[in-house]
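# got a predicted structure here, sequence first:
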Amino acid sequence: MSKPNFKMKLFRKVLISSSILLGTFFTPFTVQEKSNAAPGMIEFQWDPDPSFKRLRSLQTSSEKADRSTYYLFLRSKERKAGILQLTVKLPDYFNAKLKAKKIKLCQVKIGGFKDKTRCIKDIPAVIEVGKEQTSIDIFPDNPIPIDKKSYAVVIKLFNPTKNGMFHFHGYAQSTGAVPVSSYIGSWSLNVE
């Protein structure tokens, strides 16, 4: 009776060792597809600034010099007051050409697993791009209200020719007796 047990134990050892050997042999040959551009789930900062607030964004492509659409979201929880003016500050090393006619403000439906992100309704606004291409000023015809809807600044452009991570900083001028411009957060975009 001891021989069948011995054979069974030997068979298990051979099966396990051959599985491990074949698994390690074929792992380098597996095909990996290129992933789509999407914001990362984890962002690491060496010395995180307590005043830094990360806002949600989406870019359709992260390849250098590729055509892309950037969605800079303003969700309801990020708006503490109505917005009279929205200013987006870009880094000076972001060498993409911005055109005012390719930028718009819209009410947006943020996509998820089944749905795509899309504009529901365009918000009429005057849009100005700074001469140095480092700022975008948006003046909506009516202030962006405090409600449960999400809004987005939509920018269509060709990605920069240099790779890197770019932080776009948002400043909003609030409604009220004394309109004050304050920092609302930063959008992180990546070009590979």
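Done, it's in. Residues are numbered from 1 along each chain as shown.
# for W187, which residues are in contact?
By Cβ atoms under 8 Å, 6 or more residues apart in numbering, W187 lies in contact with R54, L55, R56, S57, Y70, L72, F73, H167, F168, G170. Just so you know, the C-beta spots here come from the backbone N, C-alpha and C atoms, and that holds for glycine as well.
# adding pLDDT, secondary structure and neighbour count, write those out as a markdown table.
Formatted as a markdown table, the contacts of W187 follow (pLDDT from 0 to 100; DSSP: H, G, I helix; E, B strand; the rest coil; neighbours: other Cβ atoms under 10 Å):
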| residue | pLDDT | secondary structure | neighbour count |
| --- | --- | --- | --- |
| R54 | 91 | strand | 14 |
| L55 | 93 | strand | 17 |
| R56 | 94 | coil | 17 |
| S57 | 94 | strand | 18 |
| Y70 | 96 | strand | 23 |
| L72 | 97 | strand | 25 |
| F73 | 96 | strand | 18 |
| H167 | 93 | strand | 14 |
| F168 | 96 | strand | 21 |
| G170 | 95 | strand | 22 |
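# and G164, how many neighbours does it have?
Counted by other Cβ atoms under 10 Å, the residues lying close to G164 total 13.
# apologies, that question was intended for I138.
Neighbours around I138, by other Cβ under 10 Å: 21.
# isn't it right up against A100?
No: contact criterion Cβ atoms under 8 Å: I138 and A100 do not qualify, at 9.8 Å.
# so the residue nearest to M165 when sequence neighbours are not counted is in which element?
Residue nearest to M165 in three dimensions, not counting chain neighbours: N190, with 5.1 Å by Cβ to Cβ, 6 or more residues apart in numbering. In the assignment (DSSP states H and E), N190 maps to strand 181-191.
# got it, and K13?
K13 belongs to helix 2-26, assigned by DSSP H and E.
# again with Q133
Assigned by DSSP H and E, Q133 falls outside every helix and strand.
# residues touching it, list them.
With Cβ under 8 Å, 6+ apart, Q133 has these contacts: L90, F94, A96, K97, L98.
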